[in-house]
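Asker: just to be clear, the model below is a prediction. Sequence and coordinates:
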Amino acid sequence: MTLSEKQKESLDTTVTSFQGHVNVAGPYLQGRGLTPEHARVFRLGVVPSDVPGFEQYAGRLSIPYLTPTGVVDIRFRALGQQEPKYMSRTGVQGHMYNVSAFQTSGDIIAICEGEFDAMSATALAGIPTIGIPGANGWKPLWHRAFLDYTTVLVLCDGDEAGRDFGKRVRKDVENATVIHLSEGEDVNSIVVKQGPEALRARVGL
C-alpha cells in the first residue's frame with residue numbers, strides 16, 4: 001500500500017515525538033554498539049505510554065523506515081525480555097530497511113536480516129547494507145533494486161533461519177554472494193564482540 005503525503009507526515013511527526021524519549025534506550029543501544037549520534041541519524045526513539053494508537057508498543061524502541069520521500073513505516077523492538085521481540089503495525093506490508101544505502105553505495109551493497117544488523121554494517125563497518133525485516137521477510141520483486149551492483153553480499157545469521165534466508169535471496173539475486181556467519185553469530189554481535197574490521201574481513205573487504 002502506497003502512503004499518502006498526509007500519512008507520511010503523520011508518521012514523521014510520531015517518529016519525532018518518540019525521538020524525544022530515546023534516552024530511555026541509552027544502555028540498550030550502547031550494548032548494541034550504537035551511540036547517541038547513530039540514534040539521531042536513524043531517528044530511533046522510545047514509545048511513551050500516552051500516545052493514542054500506539055499503546056501496545058509502549059516502552060519499546062521505535063525503528064522508523066526512512067525513505068527519500070519520508071517515513072513509510074515504524075517497527076518496535078522490546079528493550080527487555082518482552083515477547084514478541086519485534087512488533088509491526090497491523091496491516092502494514094514489509095519494507096526494506098535503510099534504503100539510503102542505495103544512495104551512498106558504489107558497486108557493492110549488502111543484504112542482511114533485521115534493522116540492527118543493517119545499522120551496524122552501515123554505520124560501524126562502512127558496508128552499505130539493506131535490512132530485511134526477518135528471515136522470512138524477503139520479497140522476490142526486491143531483486144530489481146540490486147541489478148546494477150557488481151557485488152551483492154548476503155550476510156546470513158549463523159542459524160538455520162539464516163541459511164534459509166541466504167538461499168531465498170540467492171534464488172532471486174543472481175549476482176549475490178552468500179556469506180554464512182559463524183553459528184550463533186549475526187552482523188551486530190560480530191561488530192560488538194570483535195570490532196568492525198572483523199566483519200569487513202569476514203566478507204572479504
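Answerer: Sure thing, it's come through. Numbers count the residues shown, from 1 in each chain.
Asker: how about R77, phi and psi?
Answerer: phi -120, psi 130 (degrees, to the nearest 10).
Asker: any idea what it is bridged to?
Answerer: R77 has these beta-bridge partners by DSSP bridges: L61, Y86.
Asker: can you dump the C-alpha coordinates of the longest helix seen in the chain into CSV?
Answerer: Looking across the chain with DSSP state H, the single longest helix is helix 5-19. The C-alpha trace of helix 5-19 is given here as CSV (Å, rounded to 0.1, in the frame of the first residue of the first chain):
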residue,chain,number,x,y,z
GLU,A,5,1.8,12.6,1.8
LYS,A,6,-0.5,13.2,4.8
GLN,A,7,0.1,9.7,6.2
LYS,A,8,3.8,10.1,5.8
GLU,A,9,3.7,13.5,7.6
SER,A,10,1.7,11.9,10.4
LEU,A,11,4.3,9.1,10.8
ASP,A,12,7.1,11.7,10.7
THR,A,13,5.5,13.7,13.5
THR,A,14,5.1,10.5,15.5
VAL,A,15,8.7,9.4,15.0
THR,A,16,9.9,12.9,16.1
SER,A,17,7.9,12.6,19.3
PHE,A,18,9.3,9.2,20.0
GLN,A,19,12.9,10.5,19.4
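Asker: report the buried residues of that helix.
Answerer: In terms of neighbour count (16 or more other Cβ atoms under 10 Å), helix 5-19 has its buried residues at 8, 11, 14-15, 18-19. Every C-beta, even on glycine, is put in place using the N, C-alpha and C of the backbone.
Asker: what packs against the next helix or strand after it?
Answerer: Counting by DSSP states H and E, the next helix or strand C-terminal to helix 5-19 is helix 26-31. Packing contacts for helix 26-31, counted by 3 or more Cβ pairs under 8 Å, 6 or more residues apart in numbering; DSSP states H and E, involve helix 36-41.
Asker: tell me the buried residues in the helix it packs on?
Answerer: 38-39.
Asker: tell me what that helix is packed against?
Answerer: If you count contacts as 3+ Cβ pairs under 8 Å, 6+ apart, helix 36-41 packs onto helix 26-31.
Asker: what's the neighbour count on C112?
Answerer: Burial measure for C112: 32 neighbouring residues, criterion other Cβ atoms under 10 Å.
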